[in-house]
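**Q** sequence and predicted structure, then a few things I'm wondering about:
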Amino acid sequence: MAETTGDKKKIVIVEDDRFLSLVLKGRLEKEGYEVIPAYDGAEGLELIKKELPALVVLDLVMPKMTGFELLEKLSIDPQISRIPVVVASNLGQESDIQKAKNLGVRDYYVKVQTSVDELVQMFKTIVDSGSTNQIIS
């Protein structure tokens, strides 16, 4: 079960683009969430294990550990495997999307095709529904 701080639900954003991370963090904090940024996959995995967020927003192309590698590690750890993960990446090939879905992501957004407003609304829907991570077939 995801932890919350007071009434704020936690979201970990694992994104090496610091500008995008900052924009998403600011928008989500205005919506009442506690947002914890990580700028590479290894830091992201560490924060996910520590914070047990209600949602993980994950880029795929990052230093130290790719998003795919992080997804594999999440899927085998029973403490964190049920945390919903949404991928926001510029990798838009069907093979990348299918690979992420096979690793259990809740949803997949191609950044260049999705506005920040759309991303924030989707993240809110997932966190507020309290749904667990389900493999999309």
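**A** Yep, that arrived. Numbers count the residues shown, from 1 in each chain.
**Q** residue boundaries of the helices in this protein?
**A** Applying DSSP state H to the chain gives helices spanning 18-30, 41-51, 67-76, 94-102, 116-129.
**Q** so which of the ones you listed is nearest Val12?
**A** Each of those has some distance to Val12 by Cβ to Cβ; the shortest is helix 41-51, at 5.2 Å. Backbone N, C-alpha and C define where each C-beta goes, glycine included.
**Q** chain center to that closest one, what's the gap?
**A** 11 Å (Cα atoms, centre = their mean, to the nearest Å).
**Q** export it as PDB, just CAs?
**A** Taking C-alpha atoms only, helix 41-51 is exported to PDB below (Å, rounded to 0.1, in the frame of the first residue of the first chain):
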ATOM      1  CA  GLY A  41      17.100   5.100 -13.000                       C
ATOM      2  CA  ALA A  42      19.300   4.000 -10.100                       C
ATOM      3  CA  GLU A  43      18.200   7.000  -7.900                       C
ATOM      4  CA  GLY A  44      14.600   6.400  -9.000                       C
ATOM      5  CA  LEU A  45      14.700   2.800  -7.800                       C
ATOM      6  CA  GLU A  46      16.200   3.800  -4.500                       C
ATOM      7  CA  LEU A  47      13.500   6.500  -4.000                       C
ATOM      8  CA  ILE A  48      10.700   4.200  -5.000                       C
ATOM      9  CA  LYS A  49      11.800   1.600  -2.400                       C
ATOM     10  CA  LYS A  50      12.200   4.300   0.300                       C
ATOM     11  CA  GLU A  51       9.000   6.400  -0.400                       C
END
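**Q** tell me which other helices or strands it touches.
**A** Contact partners of helix 41-51 among helices and strands, from 3 or more Cβ pairs under 8 Å, 6 or more residues apart in numbering; DSSP states H and E: strand 8-14, strand 34-38, strand 55-58, helix 67-76.
**Q** any idea what the residue nearest in space to the middle of the chain is bridged to?
**A** Closest to where the C-alpha atoms of the chain average out (Cα atoms, centre = their mean) is Val57, at 1.7 Å. Val57 has these beta-bridge partners by DSSP bridges: Ile13, Val86.
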